[in-house]
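> A structural model of the following input is requested.
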Amino acid sequence: MNKTLYALLLSGLTLSLAARADEAGSTVERCPKKLGVLAVAEPQQGWNYLSQYGLGSPAALLRMMVQQSGCFDVVERGQAMQNIQQERSLAAAGEMRQESNIGKGQMQAADFVMTPNVQIGASSTGGLGGFLGGKLGVLGAIAGGLKFKEASTSLLLADVRSSIQVAGAEGKASKTDFSIGGWGFGGGAVGGMGGYTSTPEGKLIAASFLDNYNKIVLAIRDQDNLIRSASAAGDANAAGSTQAAAPIPAGQMLAAKIANVKAYAAPSRDSKVVATLNRSDELVATGEVKDGFVKVDAAQFSGWVQRTLVAPLGR
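Predicted coordinates:
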């Protein structure tokens with residue numbers, strides 16, 4: 001083949017592949033508005049099993065994904081927090097200039113915490129070469145052999161105040177899903193992420209986290225309010241459960257602490273009033289206590305009285 005023609009064909013193929021990579025792009029799903037403030041949890045015991053692949057905690061990678069998605073403001077709770085605390089300690093010791101304005105009560109609280117987890121298929125797959133395209137849209141050259149064949153990740157999103165999990169998703173990537181060469185968000189290179197952008201194993205895990213995080217975004221971005229102050233099911237169960245309180249023995253004599261105490265047909269102030277008590281009325285506890293009420297028997301009725309409004313006789 002003519003060398004000039006060969007060079008033109010090769011150049012055209014390269015441009016075509018580059019265009020495909022840019023078009024497909026490994027992009028982060030976006031939110032139309034901020035849903036709160038997020039902290040990405042650092043692993044409590046480290047990611048030691050990933051160190052053999054030159055990888056550490058993926059927290060910095062995840063923080064970058066979150067920032068690019070526009071779904072949350074991100075607070076630093078990782079290694080940089082040590083430097084932040086050092087600066088604040090210097091200020092507290094009076095070493096900073098007076099106009100530095102560093103003091104207590106300034107740090108932003110996180111509304112949510114994201115907890116990552118990684119599992120890898122550790123069996124060796126041997127060296128691979130060439131180009132692979134796939135569902136994650138990452139295209140590039142495979143450099144070296146891949147030491148594991150699959151990465152699975154999970155992300156859990158929890159409300160800080162109530163501790164209720166508001167979102168959770170799993171991600172997965174394998175050697176056949178995408179090319180583990182060039183990596184970037186929306187065509188932009190990701191720097192400073194260490195092995196997660198420079199090694200085949202790191203890119204495999206990064207791709208899984210991208211798949212994972214995008215599923216989270218798709219699940220939450222149209223929700224007007226992610227804050228979960230309580231669980232409706234939990235509230236219903238609590239209302240139907242006996243309150244954990246000191247027991248009142250069956251047969252114990254009780255009396256109202258004040259006049260005009262109401263006795264109800266059920267352990268609720270919304271239920272029917274069966275009697276109005278005077279301080280001289282004598283009551284006998286049945287031993288049942290529920291939702292802050294104690295069940296009592298009297299000469300003319302049986303019913304439920306608020307526990308805080310009665311006391312054992314003689315007190």
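> before we move on, what SS does residue 50 have?
Using DSSP: H, G, I helix; E, B strand; the rest coil, the structure places residue 50 in helix.
> Surely it and residue 116 touch.
No. Contact criterion C-beta atoms under 8 Å: residue 50 and residue 116 do not qualify, at 11.5 Å. Backbone N, C-alpha and C define where each C-beta goes, glycine included.
> Show me which of these two is the more surrounded one.
Neighbour comparison, residue 50 and residue 116: the larger count goes to residue 116, with 23 against 20 (by other C-beta atoms under 10 Å).
> give the contact list for that one.
40-41, 43, 58-59, 62, 153-155, 209 (C-beta atoms under 8 Å, 6 or more residues apart in numbering).
> possible to save these as a markdown table with distance to residue 296 and neighbour count?
Output for the contacts of residue 116, formatted as a markdown table (distance: C-beta to C-beta, whole Å; neighbours: other C-beta atoms under 10 Å):
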| residue | distance to residue 296 | neighbour count |
| --- | --- | --- |
| 40 | 54 | 27 |
| 41 | 50 | 18 |
| 43 | 55 | 16 |
| 58 | 60 | 26 |
| 59 | 57 | 20 |
| 62 | 57 | 24 |
| 153 | 57 | 25 |
| 154 | 52 | 17 |
| 155 | 52 | 21 |
| 209 | 60 | 22 |
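> Mind checking which of those residues land in helices?
Mapping these onto helices (DSSP state H) picks out 59, 62, 209.
> ok so residue 287 is a helix residue?
No. Looking at residue 287 with three-state DSSP, it is strand, so not inside a helix.
> Not counting its neighbours along the chain, what's nearest it?
Excluding its sequence neighbours, the residue lying closest to residue 287 (C-beta to C-beta, 6 or more residues apart in numbering) is residue 250, at 3.3 Å.
> Return the residues in contact with that neighbour.
Counting by C-beta under 8 Å, 6+ apart, residue 250 has contacts 285-287.
> On the three-state scheme, residue 212 is what?
helix.
> Report pLDDT for it.
Looking at residue 212, its pLDDT stands at 89.
> what do you get for residue 107?
The predicted local confidence for residue 107 is 79.
> where do the strands sit along the chain?
Using DSSP state E, the strands found in the chain span residues 37-40, 73-75, 112-121, 150-159, 165-174, 184-185, 188-189, 253-256, 261-264, 273-277, 283-290, 293-297, 302-306, 310-312.
> I'd like the ones you listed as a markdown table, with mean pLDDT and distance to residue 235 appended.
Shown next, in a markdown table, are these (pLDDT from 0 to 100; distance: least, C-beta to C-beta, whole Å):
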| stretch | mean pLDDT | distance to residue 235 |
| --- | --- | --- |
| strand 37-40 | 91 | 26 |
| strand 73-75 | 90 | 30 |
| strand 112-121 | 83 | 21 |
| strand 150-159 | 86 | 15 |
| strand 165-174 | 84 | 17 |
| strand 184-185 | 44 | 41 |
| strand 188-189 | 43 | 46 |
| strand 253-256 | 93 | 29 |
| strand 261-264 | 95 | 21 |
| strand 273-277 | 94 | 25 |
| strand 283-290 | 91 | 15 |
| strand 293-297 | 94 | 18 |
| strand 302-306 | 94 | 20 |
| strand 310-312 | 92 | 26 |
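> can you give me how far stretch 37-57 is from the chain middle?
Averaging C-alpha positions (C-alpha atoms, centre = their mean, to the nearest Å) puts stretch 37-57 16 Å from its chain's average.
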